[in-house]
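Engineer: model this:
(one chain, ligands or ions: 1)
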Amino acid sequence: MSKHTMDYSGRYTPADYVCTGCNATGCKLWRDYGMSLFELQCVDCACRASKIPVDVDEKGVRMGRVGPTRDIGWYVPAIPDPLLIGYLPYLDRPVDALDWWTRLPLRPLKSDAAVAQT
Ligand SMILES: [Zn+2]
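Structural biologist: Residues are numbered from 1 along each chain as shown. Next up, the predicted model:
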């Protein structure tokens, strides 16, 4: 068994699951739907880039123009694929993978931030 597979069962986040704007990690991240797959953004950076108020709940859901959505402008939930090669396509997200993303905190936990700075 390769160690380089995605574990959707807990709150594991891959080493490169980091916000490119502010280095936030261990929390929900979004990716640009149309651009580089690897440019990840945290809720605050994605909202700022999209000029959208930060009105996202802990589950990563906000009220969009047509109802509740996990999207922030052009940003969609960044969910690693099972082999950690890239991110799952927008319309192909297994329930366990989406549950993993939903389980992550909206922002880095204080303990994670402290570890990241050492
Ligand atoms: Zn950020």
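
Engineer: Output the below-cut-off pLDDT ranges for this protein.
Structural biologist: For the chain, the stretches flagged by pLDDT under 70 are 1-3, 35-37, 111-118.

Engineer: Please repeat the previous calculation with a cut-off of 80.
Structural biologist: By pLDDT under 80, the weakly predicted segments of the chain are 1-4, 34-38, 110-118.

Engineer: Give me every residue in it lying close to the ion.
Structural biologist: Applying CB under 5 Å from the ion, one finds that the chain approaches the ion through 19, 21-22, 24, 42, 45. For every residue, glycine as well, the C-beta is placed using N, CA and C.

Engineer: one more time with 6 Å
Structural biologist: Residues of the chain lying close to the ion by CB under 6 Å from the ion are 19, 21-22, 24, 41-42, 44-45.

Engineer: Return the closest of these with respect to Ile72.
Structural biologist: Nearest to Ile72, judged by CB to CB, of these is Gln41 at 8.0 Å.

Engineer: so the closest one sits right up against Asn23, yeah?
Structural biologist: No: using CB atoms under 8 Å, Gln41 is not in contact with Asn23, being 11.4 Å away.

Engineer: what about the closest residue in space to Asp81 that isn't next to it in sequence, how many residues close to it?
Structural biologist: Once flanking residues are discounted, Asp81 sits nearest to Leu88: 5.3 Å by CB to CB, 6 or more residues apart in numbering. Per other CB atoms under 10 Å, the neighbour tally for Leu88 reads 20.

Engineer: can you tell me how far Leu88 sits from the ion?
Structural biologist: 21 Å (CB to the ion, to the nearest Å).

Engineer: what's near enough to touch that residue?
Structural biologist: By CB atoms under 8 Å, 6 or more residues apart in numbering, the contact list for Leu88 reads 79-81, 94, 97.

Engineer: which two in these are spaced the farthest apart?
Structural biologist: Farthest pair in the contacts of Leu88 (CB to CB) is Pro80 and Pro94. Separation: 12.0 Å.

Engineer: All set now, cheers.
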